[in-house]
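Engineer: need a structure here:
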Amino acid sequence: MPRRREKVVRFFDCLLQRRFSEAERLLEEVRRRRWGGEEFKAGYLKALEGMLLSSRSGDERDFLNRAPFTPRDLKRYGREFRRITKMGVKPPFDQGYLTAWMDFISYRLGSQRSSKR
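Structural biologist: Residues are numbered from 1 along each chain as shown. The predicted structure is shown next:
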């Protein structure tokens with residue numbers, strides 16, 4: 001697993017465990033690494049920043065805090081994000097943003113599967 005991917009997975013771990021200082025540190029490490037195009041990276045990082053702020057605030061109006069995250073719902077969200085990405089050419093920023101959310105959905109699905117074992 002590439003180091004960036006490893007750090008993003010650890011970021012998601014910290015986010016769900018409400019270890020925000022560590023999540024912030026990992027986000028900075030991901031930000032410093034060179035990967036992808038600059039616009040794609042900016043979109044990806046903006047999504048991660050939003051996830052961190054939303055989780056930290058606990059605001060029930062935010063998707064991250066109000067949406068059900070059952071396996072069935074996660075699969076539905078994943079299908080919807082994939083549908084959006086297939087609806088024509090998106091700017092790299094948008095592609096990065098959506099990719100971060102798809103990574104989070106995949107992470108949640110994977111962590112729920114592994115916890116059932």
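Engineer: Quick one: low-confidence residue ranges for this protein.
Structural biologist: 1-2, 112-117 (pLDDT under 70).
Engineer: for it, what spans make up the helices?
Structural biologist: 3-16, 20-32, 38-57, 63-66, 71-86, 92-115 (DSSP state H).
Engineer: Now Lys90, what are its backbone angles?
Structural biologist: The phi and psi torsions at Lys90 (degrees, to the nearest 10) take the values phi -110, psi 150.
Engineer: so it touches Gly96, yeah?
Structural biologist: No. Lys90 lies out of contact with Gly96 (Cβ atoms under 8 Å); the separation is 9.4 Å. All C-beta spots, glycine's among them, are computed from the backbone N, C-alpha and C.
Engineer: Just want to know which of the two has more residues nearby.
Structural biologist: Neighbour totals were compared for Lys90 and Gly96, and Gly96 leads with 23 against 15 (other Cβ atoms under 10 Å).
Engineer: if you skip the residues just before and after it, what's nearest to that one?
Structural biologist: Gly43 (2.9 Å; Cβ to Cβ, 6 or more residues apart in numbering).
Engineer: So the one you found sits against Lys90, correct?
Structural biologist: No. Under the criterion of Cβ under 8 Å, Gly43 makes no contact with Lys90, lying 9.3 Å away.
Engineer: Which neighbours do these two have in common?
Structural biologist: Leu98 (Cβ atoms under 8 Å, 6 or more residues apart in numbering).
Engineer: from what I can see Gly58 touches Phe20, true?
Structural biologist: No. Between Gly58 and Phe20 there is no contact under Cβ under 8 Å: 11.1 Å.
Engineer: which ones are touching Arg4?
Structural biologist: Contacts of Arg4 by Cβ under 8 Å, 6+ apart are Val30, Arg33, Trp35.
Engineer: OK, contacts around Arg3?
Structural biologist: Arg33.
Engineer: quick one on the thing from earlier: among Gly58 and Phe20, which residue is more densely surrounded?
Structural biologist: Legend: neighbour count by other Cβ under 10 Å for Gly58 and Phe20, higher for Phe20 (14 against 10).
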